[in-house]
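Peer 1: Quick one, what's the 3D model for this:
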Amino acid sequence: MGEGYSYTCKKCKHEYSVLLGSGMMYTNVYRRILDDISRGKYGSELQELYNSIAYAAVDGERVVYICNGCCSWELGTDVSLYAPNDPDSIPQKQFGIKTVAEWGYVPYVMRRDLEENYHLVKRQYHHCSKCGKRMHKASSKELKALPCPECGSENRFEGILYWD
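Peer 2: Here you go, the predicted model:
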């Protein structure tokens, strides 16, 4: 299930929402992200690391990034790379009617599994499309104060919504 935040601009009255996380299509999205990494879409360094780690995983969640330079914000996907703490146990893990060994790959890894059974290998940083500086993931406090994407003014936080 995904989480979203709903806003109304105090100045121009533009209504907007930001949808985060993952929905019911997460398994498809996750697979596509790994395919993109293996083909080099996110750079050769991440591609080489991914291809060198047995059962490598990514976060794959949609998040808000805030620029450390110009303070603009963007939606993006967290493609930070993780390695399993115990790679020998992965082939026996059950995913639906098959094990990882039967699938030939890990179909998906959820955030809780990342936290409990994986360790971070490479944090992938997002860079601002406006000024090129490095961005950071928005905190819950920052998420409630995202400026209007139309005029840049202060918003009125309307609430949290859950989707999919």
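Peer 1: going forward, measure contacts and count neighbours with C-alpha atoms only.
Peer 2: Noted.
Peer 1: show me where this protein has helices.
Peer 2: Applying DSSP state H to the chain gives helices spanning 26-38, 44-52, 100-103, 111-117, 140-143.
Peer 1: Is it possible to get TSV of these that adds mean neighbour count, distance to residue 134 and mean pLDDT?
Peer 2: Listed next are these as TSV, based on neighbours: other CA atoms under 10 Å; distance: least, CA to CA, whole Å; pLDDT from 0 to 100:
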stretch	mean neighbour count	distance to residue 134	mean pLDDT
helix 26-38	17	20	93
helix 44-52	16	17	95
helix 100-103	14	36	94
helix 111-117	13	23	93
helix 140-143	12	16	90
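Peer 1: I'd like those written out as JSON lines, with distance to residue 153 added.
Peer 2: JSON lines is the format used below for the helices of the chain (distance: least, CA to CA, whole Å):
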{"stretch": "helix 26-38", "distance to residue 153": "33"}
{"stretch": "helix 44-52", "distance to residue 153": "37"}
{"stretch": "helix 100-103", "distance to residue 153": "49"}
{"stretch": "helix 111-117", "distance to residue 153": "33"}
{"stretch": "helix 140-143", "distance to residue 153": "14"}
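Peer 1: Among the ones you listed, which comes closest to residue 128?
Peer 2: Distance to residue 128, taken as CA to CA, is lowest for helix 140-143 among the helices of the chain, at 16.5 Å.
Peer 1: Can you give me the buried ones in the lowest-mean-pLDDT helix or strand in the chain?
Peer 2: Lowest on mean pLDDT, DSSP states H and E among the helices and strands of the chain sits strand 155-163, with a mean of 83. Of the residues in strand 155-163, 155-157 count as buried by neighbour count, 16 or more other CA atoms under 10 Å.
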